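Student: I'd like to go over a predicted model; first the sequence, then the structure.
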Amino acid sequence: MTETRWRVPLSDVAVDDELVEAALDTVRSGWWSMGPRVEAFEDAFAEFCGAAHAISVANGTAALHLALLGIDCGPGDDVVVPSLNFVAAANAVVHTGAEPVFCDIAGPDDLNLDPVDAEAALTPRTKAVLVLHYGGYPCDMDAVGALAARHGFDVVEDAAHAPGASLDGRMCGTLGRVGCFSFFANKNLPLGEGGMVVTDDAELAERLRLLRSHGMTTLTWDRHRGHASSYDVVLPGLNYRLDEVRAAVGLVQLRRLPEENAARKRIAVRYRQELHGRQGLTMPFAASRGNSAHHLAVVLLPPGTDRDELRGRLQQRGIQTSVHYPPIHTFSAYRSKARRPLPRTEAVAGRLLTLPLYGSMSDDQVGAVVEGVLQTL
């Protein structure tokens, strides 16, 4: 099987001397596990988000799992989560011992969860609602927050798509009790792997730090510096630590994030101008709330379109596409947990198509995608 040579890949990582030197300097330092660069990255990310605390972790799934454990989510609890999401959200819930309860999206123009349906999904066992800012577009957090106040559950934000997105002057990830970010290679702030949990709750932050590193009261870096000679274990934790090399790269990528998001916005605006309303295509979030991070450029294909065939024709042109996402409740592992009808999610599921989007896309590449979609549809 030959490897496709993409004329326009779905995502891309720009590598330059500054990134290479940041990684090499860390390798040459001889200290690779969690240490001063991780601390600096956490401080910088907390400042960027306007959060009191930022706790780095190994990946975005670890961030979700840690956040749910931090709020004491476990057996006997339910967590409401939109089915139109990456499966990591439901997996993280299940690995706490809790049960995911899937809710519907608002509709074809807003692929975030519907607060009305989220309320209908609540049970006497609901511990939290896990919201996703789909594609970098802020969810209706005012409505979700009002629900939380009425019913007494915690709000956990999956902000994997939304570093730098904001709503009413506040950054996504800081709008609930705890927020979770991913730094996977295709994200706006790419490290390959990595994640972050942010919160303003000092007690929760301390619990998250303990859970991240085996429940140990001191870290290897503390003992290396002579700040401690021993440790206690105060709860059964995990090893979800971030390493120094990725933190060093993260410090560079964080400085570049506003520019990356701005470039993505320019490309997303062009897509909308040239595709929305043409040949039966639409682009969700035409009237989005807040400021998006523009992680994804998603179009809705006309009803009845053979999406796989269209993707194949685009692949022949060297244009990579994807689908975000197959709804979680349609996977074999989760069909038995699909307790509720999700008509709006199912109505759009087969029509979603994700187009290439990354800050370094050239005008010619964007034009090739637009032309390819319109000519092959």
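Tutor: Perfect, thanks for sending it.
Student: what are the ranges of the helices in the stretch 251-377 of the chain?
Tutor: For the stretch 251-377 of the chain, applying DSSP state H, counting those that start in this stretch gives helices covering 307-316, 343-349, 363-376.
Student: how far is the longest one from where the chain is centred?
Tutor: Averaged C-alpha coordinates place helix 363-376 at 27 Å from its chain's average position (CA atoms, centre = their mean, to the nearest Å).
Student: Ok, the shortest one next?
Tutor: Mean C-alpha position of helix 343-349 versus that of the full chain (CA atoms, centre = their mean) differs by 21 Å.
Student: So which residues make contact with it?
Tutor: 82-84, 104-108, 111, 114, 300, 326-327, 329-330 (CB atoms under 8 Å, 6 or more residues apart in numbering). C-betas here are computed from N, CA, C, even on glycine.
Student: Could you report the neighbour count for residue 259?
Tutor: By other CB atoms under 10 Å, 10 other residues sit near residue 259.
Student: ok, and the closest non-adjacent residue to it?
Tutor: For residue 259, ignoring the flanking residues on the chain, the nearest one in space by CB to CB, 6 or more residues apart in numbering is residue 359 at 7.1 Å.
Student: how close does that neighbour get to residue 297?
Tutor: Counting by CB to CB, to the nearest Å, the separation of residue 359 from residue 297 is 12 Å.
Student: I'd like the helices of the stretch 251-377 of the chain as TSV, with mean neighbour count and distance to residue 55 appended.
Tutor: Below are these laid out as TSV (neighbours: other CB atoms under 10 Å; distance: least, CB to CB, whole Å):
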stretch	mean neighbour count	distance to residue 55
helix 307-316	14	38
helix 343-349	17	32
helix 363-376	17	37
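Student: before we move on, what SS does residue 148 have?
Tutor: helix (DSSP: H, G, I helix; E, B strand; the rest coil).
Student: Any idea how many residues pack against residue 109?
Tutor: 14.
Student: so where's the stretch 151-300 of the chain uncertain?
Tutor: For the stretch 151-300 of the chain, applying pLDDT under 70 flags the ranges 220-229.
Student: Adding mean pLDDT and distance to residue 64, write the helices of the stretch 251-377 of the chain out as JSON lines.
Tutor: Listed next are the helices of the stretch 251-377 of the chain as JSON lines, based on pLDDT from 0 to 100; distance: least, CB to CB, whole Å:
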{"stretch": "helix 307-316", "mean pLDDT": "98", "distance to residue 64": "28"}
{"stretch": "helix 343-349", "mean pLDDT": "98", "distance to residue 64": "20"}
{"stretch": "helix 363-376", "mean pLDDT": "98", "distance to residue 64": "31"}
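Student: what's the closest of those to residue 137?
Tutor: The closest of these to residue 137 is helix 343-349. By CB to CB, the value is 14.6 Å.
Student: ok, back up a step: what is in contact with residue 359 and residue 297 at once?
Tutor: What both residue 359 and residue 297 touch, as defined by CB under 8 Å, 6+ apart, is the set residue 267.
Student: returning to that earlier point: for residue 100, find the nearest of the helices of the stretch 251-377 of the chain.
Tutor: helix 343-349 (13.9 Å).
Student: coming back round to it: I'd like the helices of the stretch 251-377 of the chain as JSON lines, with distance to residue 192 appended.
Tutor: Shown next, in JSON lines, are the helices of the stretch 251-377 of the chain (distance: least, CB to CB, whole Å):
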{"stretch": "helix 307-316", "distance to residue 192": "25"}
{"stretch": "helix 343-349", "distance to residue 192": "29"}
{"stretch": "helix 363-376", "distance to residue 192": "23"}
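Student: out of these, nearest to residue 51?
Tutor: The nearest among the helices of the stretch 251-377 of the chain, by CB to CB, is helix 343-349 at 30.6 Å.
Student: number of nearby residues for residue 277?
Tutor: 12.
Student: Could you report the separation of it from residue 82?
Tutor: Distance, residue 277 to residue 82, using CB to CB: 26 Å.
Student: now swap in residue 42 and tell me
Tutor: With distances taken as CB to CB, residue 42 is found 28 Å from residue 82.
Student: Which one's more surrounded, these two?
Tutor: With neighbours defined as other CB under 10 Å, residue 42 and residue 82 compare such that residue 82 has more, 30 against 22.
Student: which residues does the more buried one form a beta bridge with?
Tutor: Beta-bridge pairing for residue 82 (DSSP bridges): residue 103.
Student: Would you mind writing the CA trace of stretch 277-286 as PDB?
Tutor: Output of stretch 277-286 as PDB, limited to C-alpha atoms (Å, rounded to 0.1, in the frame of the first residue of the first chain):
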ATOM      1  CA  GLY A 277     -24.600  28.300   0.900                       C
ATOM      2  CA  ARG A 278     -23.000  27.000  -2.300                       C
ATOM      3  CA  GLN A 279     -24.200  23.700  -3.800                       C
ATOM      4  CA  GLY A 280     -26.100  22.900  -0.700                       C
ATOM      5  CA  LEU A 281     -23.100  23.200   1.600                       C
ATOM      6  CA  THR A 282     -23.400  25.000   5.000                       C
ATOM      7  CA  MET A 283     -20.900  25.800   7.700                       C
ATOM      8  CA  PRO A 284     -22.000  25.700  11.300                       C
ATOM      9  CA  PHE A 285     -21.500  28.500  13.800                       C
ATOM     10  CA  ALA A 286     -22.300  31.300  11.400                       C
END
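Student: Any chance you could list what contacts it?
Tutor: Applying CB under 8 Å, 6+ apart, the contact partners of stretch 277-286 are 108-111, 135, 137, 271-272, 275-276, 292, 297-303, 373-374, 377.
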